[in-house]
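In: I'd like to go over a predicted model; first the sequence, then the structure.
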Amino acid sequence: DTAVSQTPKYLVTQMGNDKSIKCEQNLGHDTMYWYKQDSKKFLKIMFSYNNKELIINETVPNRFSPKSPDKAHLNLHINSLELGDSAVYFCASSQGVLEGYEQYFGPGTRLTVT
Amino acid sequence: AQTVTQSQPEMSVQEAETVTLSCTYDTSESDYYLFWYKQPPSRQMILVIRQEAYKQQNATENRFSVNFQKAAKSFSLKISDSQLGDAAMYFCAYRSALTGSARQLTFGSGTQLTVLP
């Protein structure tokens, strides 16, 4: 039983394209996140979202947008892809009511922009 | 803003020996959570251990334990009886416990641990 799943696991695309990465969690959590891991393995928050509030890291370009069709899904849309967007993107979820509970991570999506 | 620093980019340990990974953090908050995550080559992020700042007792999980020094803002991870499967990138992470705060994790830059047979 996969707790947090992401599709696709690998994505190769050309500069200028628009792409989406899907994330689903079956844990009943109310908060979801997107993190970016760059080529040096540094992990940084992009968005955190629950059904009440979207918090955007101010360093994230507005070409990136999270979209949540329902509580179990948080998709990441990227417009006009650039070479610097190449990275591994992780989705995660947590139960916000129970503060301190761990975040469960998806397997990551390796995005390569050529 | 909080920052997390891991000053050891790489560490190695002999199988069955003990190794300690260092982590320091900077925050003005009094209540928070600290975590160690493991990322093996599969790239899956796996929680190793968690520490609540209000607890004085150091957390332990089987062969993994922490040395939490709140005043020094230090949170090191000790791995005892190291096994080949422990080889991975280890990340220290911080999360605020303030009500209404964003719940995201702030990560350190990671320590790549090699276990030598």
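Out: Yes, it's here. Residues are numbered from 1 along each chain as shown, chains lettered A, B, ... in the order given.
In: going by C-alpha atoms from here, please, whenever you check contacts or count neighbours.
Out: Will do.
In: for the closest residue to A:T109 other than its chain neighbours, give me its contacts.
Out: Once flanking residues are discounted, A:T109 sits nearest to A:K9: 4.3 Å by CA to CA, 6 or more residues apart in numbering or on different chains. Residues near A:K9 by CA atoms under 8 Å, 6 or more residues apart in numbering or on different chains: A:107-110.
In: with those in mind, which one is nearest to A:F64?
Out: A:T109 (15.0 Å; CA to CA).
In: what is the burial count for that closest one?
Out: 24 (other CA atoms under 10 Å in any protein chain shown).
In: what's opposite it in the beta bridge?
Out: A:Y89 (DSSP bridges).
In: that one reaches A:S20, doesn't it?
Out: No - in this structure, A:T109 is not within contact of A:S20 by CA atoms under 8 Å, at 10.6 Å.
In: and the residue nearest the centre of the chain?
Out: With no chain named, the answer covers chain A. By CA atoms, centre = their mean, chain A has its centre lying nearest to A:W34, at 3.0 Å.
In: correction: the question concerned chain B.
Out: B:W36 (3.0 Å).
In: please work out which residues outside the host helix or strand of it touch it.
Out: In the assignment (DSSP states H and E), B:W36 maps to strand B:32-39. Strand B:32-39 is contacted from outside by A:100, B:45-54, B:75, B:77, B:88-98, using CA under 8 Å, 6+ apart.
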